[in-house]
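Visitor: could you look at this predicted model? Sequence included:
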Amino acid sequence: MAFWQARDFLFCGVCGTLLDFNSHRYASCPLCGFKRKAKDIEGKETRYAVTAEE
Ligand SMILES: [Zn+2]
């Protein structure tokens, strides 16, 4: 399982700060305001989990 890839979705794509999950719809960067859709993160994590089981 590629931990570095899954972990990458939890960090800001602009400054690398750990994203803050203060909303169930978005993860936002407390430093620069970058936002990532929580739905995108969940989808990718699910795919990695399935791959790991197989
Ligand atoms: Zn940031």
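Guide: On my side now, so go ahead.

Visitor: let me know the secondary structure of D40.
Guide: Under DSSP: H, G, I helix; E, B strand; the rest coil, D40 falls in the helix class.

Visitor: who's in contact with the closest residue to A27 other than its chain neighbours?
Guide: Distances taken as C-beta to C-beta, 6 or more residues apart in numbering place L19 nearest to A27, at 3.9 Å, with adjacent residues excluded. In short, each C-beta sits where N, CA and C put it, glycine included. For L19, the contacting residues are 10-12, 27-29, 34, 36, by C-beta atoms under 8 Å, 6 or more residues apart in numbering.

Visitor: buried subset of these?
Guide: Buried members of these, scored by 16 or more other C-beta atoms under 10 Å, are 11-12, 27-29, 34, 36.

Visitor: skipping its backbone neighbours, what lies nearest C12 in space?
Guide: Spatial nearest neighbour of C12, excluding adjacent residues (C-beta to C-beta, 6+ apart): C29 at 3.9 Å.

Visitor: since that was my last question, I'll sign off now.
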